[in-house]
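> model the following, please.
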Amino acid sequence: MVAAEQVLDVEGHPCVVVDRAAMEYRVVTTDSEAVAQERRDTSFMSRIGRRPNTVTVRALYELSLVVERGESVGIIGRNGSGKSTLMKLISGQVRPSSGAVFASSTPIMLGVNAALMPDLSGHQNVVLGCLAMGMSRQEIDAKFASIVELCGLEDSIYLPMKSYSSGMASRLRFAIAASIDPEILLVDEALNTGDAQFGDRSKRRMDQLREQAGCVFLVSHSLDTITKMCTRVIWLDKGHLIMDGDPSETVKAYQDFTGQLAKGNNMSAAKIRDEARASLQMTEVLARSKMRRSRA
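Below you'll find the model as predicted:
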């Protein structure tokens with residue numbers, strides 16, 4: 001990866017490959033029992049150099065993905081499931097604790113926390129954001145009208161960002177990030193603006209990106225947005241990859257899972273999750289077996 005690990009520069013390669021990547025952190029805790037349990041579970045040598053009041057938190061367990069050109073991949077899951085961690089690995093913001101991530105070009109990461117200057121106008125933020133992504137002033141001038149059209153801010157583009165609603169700011173972030181025709185675009189919760197017209201415009205823009213031989217990753221709690229905008233959906237839960245497949249099927253399984261949790265039926269929810277994960281693992285086994293036979 002340009003931003004993460006290594007570049008896939010041979011024509012015909014997929015856009016993104018996540019190869020058995022996992023992510024864990026050492027964090028401070030006041031839970032003495034958790035610290036004691038980790039000491040019991042690990043060897044003396046592995047504890048050398050560690051602070052005594054820290055434990056390992058596994059944000060993402062080992063997973064592998066291959067994302068082809070033209071795909072729009074939705075990522076769903078409960079809070080704390082590893083969605084943003086996976087996006088950070090793909091974007092190159094952090095390196096995996098193990099495994100590797102590869103991409104065909106530098107991914108452009110768009111999130112609701114994207115840094116824009118609140119005291120500057122939307123117009124000035126467009127210029128700064130595009131310059132930061134490597135565009136020239138001539139390119140910015142040529143793209144400006146399309147950026148304003150996509151975000152739908154019209155005359156508000158000349159007002160200070162601090163006067164914008166959260167939805168207006170999110171729309172502007174998306175329009176800036178999507179202005180450079182990135183081959184790989186990562187969108188983290190930036191499309192949940194409640195604006196139907198913007199939803200239509202952003203979907204058309206994402207369709208254009210895919211048609212231009214790129215791929216899109218979208219994290220959203222709006223399952224309707226995921227279903228409409230994605231060609232493939234992966235479901236993460238507590239750092240584990242549970243399901244990877246058709247948007248309607250994956251979203252339905254996730255809704256069944258969360259529906260059972262909402263009713264307090266934890267065992268039924270666990271059964272739905274475990275069956276989905278077992279099906280995924282069986283598919284992976286069959287795929288590896290087919291690959292071995294083809295090589296033979």
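
> tell me which residues of the helix or strand where D224 lies come out buried.
Secondary-structure assignment from DSSP states H and E places D224 in helix 223-229. By neighbour count on 16 or more other C-beta atoms under 10 Å, the buried set for helix 223-229 is L223, T225, I226, T227, M229. In short, each C-beta sits where N, CA and C put it, glycine included.

> closest to L60 out of these?
I226 (19.5 Å; C-beta to C-beta).

> just the closest of the buried residues of helix 223-229 to L89, please.
Distances from L89 to the buried residues of helix 223-229, taken by C-beta to C-beta, are shortest for I226, at 19.9 Å.

> contacting residues around that closest one?
By C-beta atoms under 8 Å, 6 or more residues apart in numbering, I226 lies in contact with G74, I76, L218, S220, V233, P247, V251.

> thinking again about what came up before, and the helix holding D224, C-alpha only, in CSV?
The C-alpha trace of helix 223-229 is given here as CSV (Å, rounded to 0.1, in the frame of the first residue of the first chain):
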residue,chain,number,x,y,z
LEU,A,223,-28.5,-0.1,6.9
ASP,A,224,-30.7,1.4,4.3
THR,A,225,-27.7,3.5,3.0
ILE,A,226,-25.6,0.3,3.1
THR,A,227,-28.1,-1.7,1.1
LYS,A,228,-28.6,0.9,-1.6
MET,A,229,-25.0,2.0,-2.1
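
> just give me how far that helix sits from the chain centre.
14 Å (C-alpha atoms, centre = their mean, to the nearest Å).

> what pLDDT, on average, does it get?
Averaged over helix 223-229, pLDDT sits at 88.

> name the next helix or strand downstream of that helix, please.
Going down the chain from helix 223-229, the next helix or strand is strand 232-237, by DSSP H and E.

> can you tell me what sits against that following strand?
With C-beta under 8 Å, 6+ apart as the criterion, strand 232-237 contacts 60, 65, 71-78, 81-83, 86, 226-227, 241-247, 250-251, 253-254, 257, 273, 276.

> low-confidence ranges in this protein?
1-12, 27-52, 55, 110-115, 189-196, 213, 284-296 (pLDDT under 70).

> ok, now which ones touch the residue most central in space within it?
Note on the chain: the residue nearest the mean C-alpha position is M87, at 3.6 Å, using C-alpha atoms, centre = their mean. With contact set as C-beta under 8 Å, 6+ apart, M87 has these partners: I75, M109, G111, L186, D188, F217, V219.

> cool, I147 as well?
V126, A175, I176, S179.

> rerun at 10 Å
122-123, 126, 129-130, 140, 153, 157, 172, 174-176, 178-179 (C-beta atoms under 10 Å, 6 or more residues apart in numbering).

> tell me where the stretch 101-250 of the chain has helices.
Here the stretch 101-250 of the chain has its helices, by DSSP state H, counting those that start in this stretch, at 122-132, 137-151, 166-177, 196-211, 223-229, 247-262.

> from those, which stretch is densest packed?
helix 166-177 (a mean of 23; mean count of other C-beta atoms under 10 Å).

> remind me what that one packs against, helices and strands.
strand 108-111, helix 122-132, helix 137-151, strand 184-188, helix 196-211 (3 or more C-beta pairs under 10 Å, 6 or more residues apart in numbering; DSSP states H and E).

> CA atoms of that helix as CSV?
Extracted as CSV, the C-alpha positions of helix 166-177 are listed here (Å, rounded to 0.1, in the frame of the first residue of the first chain):
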residue,chain,number,x,y,z
SER,A,166,-23.4,18.7,11.0
GLY,A,167,-25.1,17.4,7.9
MET,A,168,-23.9,20.4,5.8
ALA,A,169,-20.3,19.8,7.0
SER,A,170,-20.5,16.1,6.3
ARG,A,171,-21.7,16.7,2.8
LEU,A,172,-18.9,19.2,2.2
ARG,A,173,-16.3,16.6,3.4
PHE,A,174,-17.7,14.0,1.1
ALA,A,175,-17.7,16.3,-1.9
ILE,A,176,-14.1,17.4,-1.3
ALA,A,177,-12.8,13.8,-0.9
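
> what sits opposite the residue nearest to P182 when sequence neighbours are not counted in the beta ladder?
Excluding its sequence neighbours, the residue lying closest to P182 (C-beta to C-beta, 6 or more residues apart in numbering) is I108, at 4.0 Å. Beta-bridge partners for I108, by DSSP bridges, are L185.

> next, count neighbours for I108.
Other residues near I108 come to 21 when the count uses other C-beta atoms under 10 Å.

> that one contacts D188, doesn't it?
No. Under the criterion of C-beta atoms under 10 Å, I108 makes no contact with D188, lying 11.5 Å away.
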